[in-house]
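**Q** Whatever this is, show me its structure:
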Amino acid sequence: MTNLEDFGLYTFKGTITKVNSGMCELELDGRMGRISVPIRLIVSQSNVKEGDCVELKLSPIIVKGGTKTS
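**A** Sure thing, here's the model as predicted:
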């Protein structure tokens, strides 16, 4: 079994490519893909706009196994 404490945070850099009603799309550097997040998750001293550079930290996704039930 994998111990969650064995993993740290990974730092990604990218650019804001789209801003619309409450959502923001980020293009990650290094061909790592895109991620869409609510604007309320973005910390900035001014309004975010397309072209702004961003940095984010993510933990690895840990697969727990099984299937989700309602």
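**Q** how about the residue nearest the centre of the chain, what does it touch?
**A** Nearest to the geometric centre of the chain sits Ile35, at 5.7 Å (CA atoms, centre = their mean). Counting by CB atoms under 8 Å, 6 or more residues apart in numbering, Ile35 makes contact with Glu25, Leu26, Leu28. Using the backbone N, CA and C atoms, a C-beta is placed for each residue, glycine as well.
**Q** For beta bridges, what are the partners of the last one?
**A** Meaning Leu28. Gly14, Gly33 (DSSP bridges).
**Q** Would you confirm that it contacts Tyr10?
**A** No: the pair Leu28 / Tyr10 is not scored as a contact, 10.8 Å apart, by CB atoms under 8 Å.
**Q** Any regions of the chain where pLDDT drops low?
**A** 1-5, 69-70 (pLDDT under 70).
**Q** Strands of that one, start to end?
**A** 10-20, 23-28, 33-38, 53-58 (DSSP state E).
**Q** Deepest-packed of those, please.
**A** Mean neighbour count, computed with mean count of other CB atoms under 10 Å, is highest for strand 23-28 among these, reaching a mean of 17.
**Q** which one among the contacts of Ile35 gets closest to Lys18?
**A** The shortest approach to Lys18 among the contacts of Ile35 belongs to Glu25, at 3.9 Å (CB to CB).
**Q** ok, Gly8 - contacts?
**A** Residues in contact with Gly8 (CB under 8 Å, 6+ apart) are Ser59.
**Q** gap between it and Val37?
**A** 21 Å (CB to CB, to the nearest Å).
**Q** Also Lys18?
**A** Lys18 is 11 Å from Val37, by CB to CB.
**Q** Overlap in contacts, the two.
**A** The contact lists of Lys18 and Val37 share Cys24, where a contact means CB under 8 Å, 6+ apart.
**Q** Surely Met23 and Ser36 touch.
**A** Yes: Met23 is within contact range of Ser36, at 5.7 Å (criterion: CB under 8 Å).
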